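**Student:** Starting from these lines, generate the structure:
(chains A, B, C and D)
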Number of protein chains: 2
Amino acid sequence: MYNADEAAGAPTAIICEKIWLAIAERRLRPGTRLKEEQLAEIFSVSRARIRQALTALERDGLVTIMPNRGAFVSEPSVDEARDVFVTRRAIEQRVVERLCERATVEDIERMRSHIDEERVAGKVGDLSAIVRLSGGFHLLLAELSGSAFLFGILRDLVSRTSLITAMYRSNHLHNCGPDEHMAVVDRIAARDAAAAIREMAEHLHHVEAELDLDEEKDQPRDLRAALL
Amino acid sequence: MYNADEAAGAPTAIICEKIWLAIAERRLRPGTRLKEEQLAEIFSVSRARIRQALTALERDGLVTIMPNRGAFVSEPSVDEARDVFVTRRAIEQRVVERLCERATVEDIERMRSHIDEERVAGKVGDLSAIVRLSGGFHLLLAELSGSAFLFGILRDLVSRTSLITAMYRSNHLHNCGPDEHMAVVDRIAARDAAAAIREMAEHLHHVEAELDLDEEKDQPRDLRAALL
DNA sequence: GTACACAATATTGTCTACAATTTTGTAGTC
DNA sequence: GACTACAAAATTGTAGACAATATTGTGTAC
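**Tutor:** Prediction:
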């Protein structure tokens, strides 16, 4: 891990990751304004580089850029949140399906050792690692599925899931539990595609179910809707 | 349509679209180098704007940027091409599925009138319009499915499909025929999800089958592989 | 006292100049 | 004569300066 205090002259990818992590860990709340000059000073880089980072983050759906207005941490609506999970189920079903056909024993081993890391992070209570690893498991599966597009798409979706989780869940720790991950891996190892798909779908439903997507159904997007 | 001769001071989106169309219409062949200064002069804009356009096109997979080397029109491999179709089938299955549940009569009408446009373009022989509309049909379906993510993902995939079609097919005209599109819409209108999904899968298989993805199986990515 | 118009400030958007890197051409040496 | 090292040209990457736009604060008129 990089030391957060030594951020001088960091390349664009590092800046993106730092902002991404800050959002996922709820240090940057949805709706927060991200002033370019301010960020440039914080990271000790030029404003041009910050703009690059912000446009990249916009592409991942983490920040929303309003022309001539500035960049803000995105505030995904309930509908958008549900939409992410709908799409994830579609993508990850296909990922698991392919893994049941193609995964090697080395692949299975990588999945298991990843889950070990998750468990360690959970015991130690390293929030930063937990956030990264829980999403990372799904990305690892997508990577091992051998489809660069499924991987790329899921990368987007996982980022958005982190934001959604940060926004609609009081506590992030229970999500993406290593036990449910292991259940999926066991089914893949057994080459039981139907069961693996079911296990994954169930897992994603659990993650979604832990969010408060029902209560504050239409949360205000603009002031008018909020106050009248 | 814009006049291609009057491109002075065009915003980034216009530049992207022009380059995209040039690639889709095979005026820019895969592997072509895209020098920034040259493009800046052609479009009568600053080099900074060209860089914006190129990074946007890279995100869509149409150009490949090699650091300190420059931007090139992407050369998707056979495996990547197949991968795109695998992913498209997964995504568009879900799109059609949702449309069978949610599509209104107005939606069906929009699909049908879009297909009418395709037929007109086909009769007139407007290659530019054919390219745009054939992909546009699938995007319209995704848009009407009500899932912004399915739409966004398919947007990417359709762009890549255009590039792949331009690369592996001698004649673009037979792809995405309006008749097969109409077959899908008819099934959606009849709310027959299973049949609609089958019709769409078949259509995508046809498009893929018309490409020469078998013959030049490992086309050279680098000189070493090409010459030794 | 309120509302509108105007000005000041702050922030983003764009362009131009400079620095770093890579590629190509040339000369020198073995 | 061929290979290596060096230099020059071209191209990309970066940063800083300037212009455009939106927001906020103030003043004046009704």
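**Student:** Can you name every helix or strand that the helix or strand harbouring A:His206 contacts?
**Tutor:** In this structure, A:His206 is located in helix A:193-209 according to DSSP states H and E. If you count contacts as 3 or more Cβ pairs under 8 Å, 6 or more residues apart in numbering or on different chains; DSSP states H and E, helix A:193-209 packs onto helix A:78-102, helix A:178-189. Bear in mind the C-beta positions are built from the backbone N, C-alpha and C, glycine included.
**Student:** And the helices in chain A, which stretches?
**Tutor:** Applying DSSP state H to chain A gives helices spanning A:12-24, A:36-43, A:47-59, A:78-102, A:105-124, A:127-144, A:148-168, A:178-189, A:193-209, A:223-227.
**Student:** In CSV, list the helices and strands packed on helix A:193-209 along with mean neighbour count, distance to B:Ala40 and mean pLDDT.
**Tutor:** CSV is the format used below for the helices and strands packed on helix A:193-209 (neighbours: other Cβ atoms under 10 Å in any protein chain shown; distance: least, Cβ to Cβ, whole Å; pLDDT from 0 to 100):
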stretch, mean neighbour count, distance to B:Ala40, mean pLDDT
helix A:78-102, 20, 37, 93
helix A:178-189, 20, 49, 95
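**Student:** between the ones you listed, which gets nearest to A:Glu208?
**Tutor:** helix A:78-102 (4.6 Å; Cβ to Cβ).
**Student:** ok so, going back, so which of the helices and strands packed on helix A:193-209 gets nearest DNA strand D?
**Tutor:** Among the helices and strands packed on helix A:193-209, the nearest to DNA strand D by Cβ to the nearest atom of the strand is helix A:78-102 (22.9 Å).
**Student:** And the lowest mean pLDDT element among the helices and strands of chain A?
**Tutor:** Using mean pLDDT, DSSP states H and E, helix A:223-227 stands out as the lowest-scoring helix or strand of chain A, at a mean of 54.
**Student:** if we can go back for a sec, in a markdown table: the helices and strands packed on helix A:193-209, plus distance to B:Leu133.
**Tutor:** Formatted as a markdown table, the helices and strands packed on helix A:193-209 follow (distance: least, Cβ to Cβ, whole Å):
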| stretch | distance to B:Leu133 |
| --- | --- |
| helix A:78-102 | 26 |
| helix A:178-189 | 41 |
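**Student:** Out of these, flag the one nearest DNA strand C.
**Tutor:** Per Cβ to the nearest atom of the strand, nearest to DNA strand C of these: helix A:78-102, 22.1 Å.
**Student:** now the closest one against helix B:78-102, angle please.
**Tutor:** Between helix A:78-102 and helix B:78-102, the angle comes out at 130 degrees (axes from the mean of the first three to the mean of the last three Cα atoms, to 10 degrees).
**Student:** is helix A:78-102 up against chain B anywhere?
**Tutor:** Yes - using Cβ under 8 Å from any Cβ of the partner chain, we find that helix A:78-102 touches chain B at A:80, A:83-84, A:86-87, A:90-91, A:93-94.
**Student:** by contact count, what packs against that helix?
**Tutor:** Counting contacts by 3+ Cβ pairs under 8 Å, 6+ apart, helix A:78-102 packs against helix A:127-144, helix A:148-168, helix A:178-189, helix A:193-209, helix B:78-102, helix B:148-168.
**Student:** Is A:Phe151 in contact with A:Leu140, as I believe?
**Tutor:** No - counting by Cβ atoms under 8 Å, A:Phe151 sits too far from A:Leu140 to count as a contact (9.5 Å).
**Student:** which residues touch A:Asp79?
**Tutor:** Neighbour list for A:Asp79: empty [criterion: Cβ atoms under 8 Å, 6 or more residues apart in numbering or on different chains].
**Student:** coming back round to it: which one of the helices and strands packed on helix A:193-209 lies nearest to B:Arg51?
**Tutor:** With respect to B:Arg51, and counting by Cβ to Cβ, the nearest of those is helix A:78-102 at 30.2 Å.
**Student:** related to what we said a few turns ago, export the helices and strands packed on helix A:78-102 to TSV and tack on distance to B:Arg49?
**Tutor:** Output for the helices and strands packed on helix A:78-102, formatted as TSV (distance: least, Cβ to Cβ, whole Å):
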stretch	distance to B:Arg49
helix A:127-144	33
helix A:148-168	26
helix A:178-189	45
helix A:193-209	41
helix B:78-102	29
helix B:148-168	20
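**Student:** Relative to B:Gln38, which of the ones you listed is closest?
**Tutor:** helix B:148-168 (20.6 Å).
**Student:** gap between A:Phe72 and A:Gly31?
**Tutor:** To A:Gly31, A:Phe72 is 6 Å away according to Cβ to Cβ, to the nearest Å.
**Student:** Look at the two and report which has more neighbours.
**Tutor:** A:Phe72 (15 against 11; other Cβ atoms under 10 Å in any protein chain shown).
**Student:** domain ranges for chain A?
**Tutor:** Per the record, chain A has its domains at A:12-73, A:78-209, by automatic domain parsing.
**Student:** Which positions in chain A make contact with DNA strand C?
**Tutor:** A:33-37, A:47-48, A:51, A:65, A:67-71 (Cβ under 7 Å from any atom of the strand).
**Student:** who wins for neighbours among these?
**Tutor:** Using other Cβ under 10 Å as the neighbour criterion, A:Ala71 leads the residues of chain A next to DNA strand C with 24 neighbours.
**Student:** Where does the prediction get shaky in chain A?
**Tutor:** A:1-10, A:170-176, A:215-228 (pLDDT under 70).
**Student:** Those residues of it touching DNA strand D, which are they?
**Tutor:** Residues of chain A lying close to DNA strand D (Cβ under 7 Å from any atom of the strand) are A:9, A:11, A:45-49, A:68-69.
**Student:** Could you let me know which of these ends up closest to A:Val185?
**Tutor:** A:Pro11 (33.9 Å).
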